[in-house]
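Peer 1: everything below, folded, please.
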Amino acid sequence: MSSRISSAFFLVFLLLAGALGALYYVKAEWTPPTVSVTPEHPTVSSRTVFTVTAADEGAGLRTLLVTATQNGAPVEIVNKTLPEGTRELSEQFSLPKAGIKNGPLSLSVTVKDASWHRLGRGNRVDIVRDVTVDSKPPVISVLSGQHNVNQGGTGLVVYSTDEELAQSGVRMGEHFFPGYPYQPGKYLCFFAIPYDADTAALTPALVASDVAGNEVSIGFFFNPRVKKFKHDSINVSENFLQSKMGQFVQYYPDLTQPIDIFIKVNSELRAKNVATLLQLGRDTVPQMLWSGSFIRLPNSAPMAGFADNRTYMHQGQAVDNQTHLGVDLASLATAPVPAGNTGRVILAEFMGIYGNVVVLDHGFGVQSLYSHLSEIHVHKGETVQRGQIIGKTGATGMAGGDHLHFGMLVSGLQVQPIEWWDDHWIKDNITSKLQ
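Peer 2: Below is the predicted model:
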């Protein structure tokens, strides 16, 4: 009888052991979480923001531990137990400002999952990174002397630094103009005064941050030259509305009156197009593709200037007010349009008020714009040479007649084109500083 009981007990024990073994096999998956830590800069500071990204599709994530060890003394930065079922994690952290000194530091990130593997301790991933803490901001020295800049015009500042920079440039009010490496230890930055800026209140700053995130901001000699711009009244005729607004019906299908479409296009769509140009300002190469002054449309007469303020009249009533940010040049109808200088085509398509437009990038944030074209002869990504024909003048977009609307841009901000046609201005304000 006792032997039967013992056999039954042993059988139950085997069944329980098998069930527990099967459960352990299921719960104790052996695949560790995927873990990454960014950025991977070898030099950091308390301004550096690290991001731990982890994922585990099996048992899920359980804990996150981040410690910094310097001179043998560990400092706990993050210690988290995650909610059950957590599959993904993105955690940001920075080094503590207190207790961390300049010099070598070991950063340790440990992530565990909720697996029963290792007798319930789970799978574990350790990332250890040896870095150098640097809390000293970069030293910036301005090398260019005079910075006499016209309102609506362009300036150039050249500067040096004692270390590698992550970012630098000129902050002018709400605008930031990026700087670019030019020679070993030297940088340059094309910047501009917006046409509508209050020059008396402008205080431009040269700002820079190193790879560790340390920042510095300094002033530099700056002399803004106040300019007055014209004001015109333009009559919006019924003939203009009937011939032009059909291009824009697709943007405002709910509007039926041509004058209502005009007002929307002239204000709302114009603002969107200007915003697109600002974004295009980032599509630049850190090298100077151009040389010398820019070519003006040959045998052309100026029809409108940069920053001309316009009041638009319809049936004796003012319906809108906008500013013309370019120079209108009229020649023969469908006249060949040369590239102002060597550059890279970054836009070649129909774009709102500009109609068929080509935008060339000349490097270091300097770009040129050719709009209202009847034909486009280049494609995005193509490199064109100074004087190469890129299209023909036309009246597409909001043009009232066949002409070229020519514009210059600095980091996407439209600036006075006349300067860029002037050999003396180029020499005094750009090439002499680079030499």
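Peer 1: what is the burial count for the nearest residue to residue 149 once chain neighbours are set aside?
Peer 2: In space, residue 149 comes closest to residue 155 once its chain neighbours are excluded; the distance is 3.9 Å by C-beta to C-beta, 6 or more residues apart in numbering. From N, CA and C alone the C-beta is placed, and that goes for glycine too. Other residues within reach of residue 155, judged by other C-beta atoms under 10 Å, total 28.
Peer 1: also residue 108?
Peer 2: Based on other C-beta under 10 Å, the number of other residues close to residue 108 is 15.
Peer 1: for it, name its beta-bridge partners.
Peer 2: On the basis of DSSP bridges, residue 108 takes part in beta bridges with residue 67, residue 128.
Peer 1: wait, isn't it in contact with residue 64?
Peer 2: No: shown here, residue 108 and residue 64 do not form a contact pair, counting by C-beta atoms under 8 Å, at 11.5 Å.
Peer 1: the residue nearest to residue 149 bridge partners, please.
Peer 2: On the basis of DSSP bridges, residue 155 takes part in beta bridges with residue 191.
Peer 1: which residues of the stretch 201-350 of the chain score low on pLDDT?
Peer 2: Counting by pLDDT under 70, not a single residue of the stretch 201-350 of the chain qualifies.
Peer 1: how about the helices in it?
Peer 2: With DSSP state H, counting those that start in this stretch as the criterion, the stretch 201-350 of the chain has helices at 238-244, 258-264, 270-280.
Peer 1: re earlier: right, and the residue nearest to residue 149 touches residue 429 too?
Peer 2: Yes: counting by C-beta under 8 Å, residue 155 touches residue 429, with 7.0 Å between them.
Peer 1: identify the contacts common to these two.
Peer 2: When contacts are counted by C-beta atoms under 8 Å, 6 or more residues apart in numbering, residue 155 and residue 429 have residue 148 as shared neighbours.
Peer 1: chain neighbours aside, what residue packs nearest to the residue nearest the centre of the chain?
Peer 2: Taking C-alpha atoms, centre = their mean, the centroid of the chain lies closest to residue 282, which sits 5.2 Å from it. Excluding its sequence neighbours, the residue lying closest to residue 282 (C-beta to C-beta, 6+ apart) is residue 412, at 7.2 Å.
Peer 1: ok, now which ones touch that neighbour?
Peer 2: 277-282, 365, 367.
Peer 1: closest to residue 417 out of these?
Peer 2: Distance to residue 417 across the contacts of residue 412 (C-beta to C-beta) is lowest for residue 367, with 11.5 Å.
Peer 1: now for that closest one, how many residues are close by?
Peer 2: Neighbouring residues of residue 367 were enumerated by other C-beta under 10 Å; the total is 27.
Peer 1: three-state assignment of it?
Peer 2: strand (DSSP: H, G, I helix; E, B strand; the rest coil).
Peer 1: try the one 3 residues further on
Peer 2: Taken by three-state DSSP, the conformation at residue 370 corresponds to strand.
Peer 1: does it really touch residue 356, like I thought?
Peer 2: No: shown here, residue 370 and residue 356 do not form a contact pair, counting by C-beta under 8 Å, at 9.0 Å.
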